[in-house]
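> Turn this into a structure:
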Amino acid sequence: MPSADQPHGVDRVVENICKLSPDLLSEACQLVLSYLLGHTRGVDSAQVSDRFQRAGVRLEQDALQDMIRFLLLTFRSAGKTNLSGDDLVSRLEESSSKWPKACLQEVHRLWSEHGASVHAQQEVHATLSISQLVDLQWKLGMAVSSDTCRSLNSPYVSLLLKVVEPSGQISHRSFEMTVPQFQNFHKQLKEMAAVMETV
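Here you go, the predicted structure:
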């Protein structure tokens, strides 16, 4: 259970959660639970933000990220320790006095339905705690200036990776390679794919 060193941080997250209707909170929690159950590759904050905005709830990006992180940590911790719905609600009430009753009831209902499954999934996930590649995009360009290319007007490949971290957050990583580096990278990927087919 996230017990913040600064209770004001938890209070701020709870204040933002209070801006949500029980239905909207339920949607956000279900996205988090879907990830923790292994049904999705991560919790897409852009999707959550769009849904909140359509419902008239405006949150700063940092506040939204904090809320998603709080829900992830709360449910993951409850799953690891196999808390009951009542115990989870008690711990949430201990973490902040600002929780509205309707929100706690919704969290209790969702956890009572999904808690045992999350616990089972967390036991499996504990052995496989690595980032996952969700998407890879690339484009070919010409170098105008670069640290690795010897001369200007050299071709390069720009890669953008979409990665789901073990925490559930989706992050983007980008980097550039020379064409020979990219060809070597491609060769290694083909070798990995061939090995994986034999497993």
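
> From the chain's centroid, how far away is stretch 62-72?
Offset of stretch 62-72 from its chain centre (C-alpha atoms, centre = their mean, to the nearest Å): 9 Å.

> ugh, typo on my part, it should be stretch 17-32
Centroid displacement of stretch 17-32 relative to its chain, using C-alpha atoms, centre = their mean, is 16 Å.

> and what of stretch 23-41?
On the basis of C-alpha atoms, centre = their mean, stretch 23-41 sits 10 Å off its chain's mean C-alpha point.

> average pLDDT for it?
Across stretch 23-41, pLDDT averages out at 89.

> Report the contact partners of Gln181.
By C-beta atoms under 8 Å, 6 or more residues apart in numbering, the contact list for Gln181 reads Val157. C-beta coordinates here come from the backbone N, C-alpha and C atoms, glycine included.

> I'd like the next helix or strand past the helix or strand Gln121 falls within.
Gln121 is part of helix 101-125 when elements are defined by DSSP states H and E. Heading C-terminal from helix 101-125, the first helix or strand you meet, by DSSP H and E, is strand 132-142.

> What strands line up against that next one, and which way round?
The pairing partners recorded for strand 132-142 under DSSP bridges are strand 155-164 (antiparallel).

> ok, then the element right after the strand it pairs with?
Counting by DSSP H and E, the element after strand 155-164 in chain order, helix or strand, is strand 170-178.

> roughly how far out does that next one sit from the chain middle?
Relative to its chain's centre, strand 170-178 lies at 18 Å (C-alpha atoms, centre = their mean).

> tell me what the helix holding Gln121 is packed against?
Other elements packing on helix 101-125 under the criterion 3 or more C-beta pairs under 8 Å, 6 or more residues apart in numbering; DSSP states H and E are helix 22-36, helix 61-80, helix 85-95.

> So for that helix, what gets flagged as buried?
Neighbour-count burial for helix 101-125, counted by 16 or more other C-beta atoms under 10 Å, picks out 103-104, 106-108, 110-111, 114-115, 118-119, 121-122, 125.

> Then stretch 162-179?
In stretch 162-179, counting by 16+ other C-beta under 10 Å, buried: Lys162, Val163, Val164, Ser167, Gly168, Gln169, Ile170, Glu176, Met177, Thr178.

> which other residues reach that stretch?
Residues contacting stretch 162-179 (C-beta under 8 Å, 6+ apart): 32, 35-36, 41-45, 65, 68-69, 72, 129-136, 146, 148-149, 154-161, 185.

> Having no further points to raise, I will conclude here.
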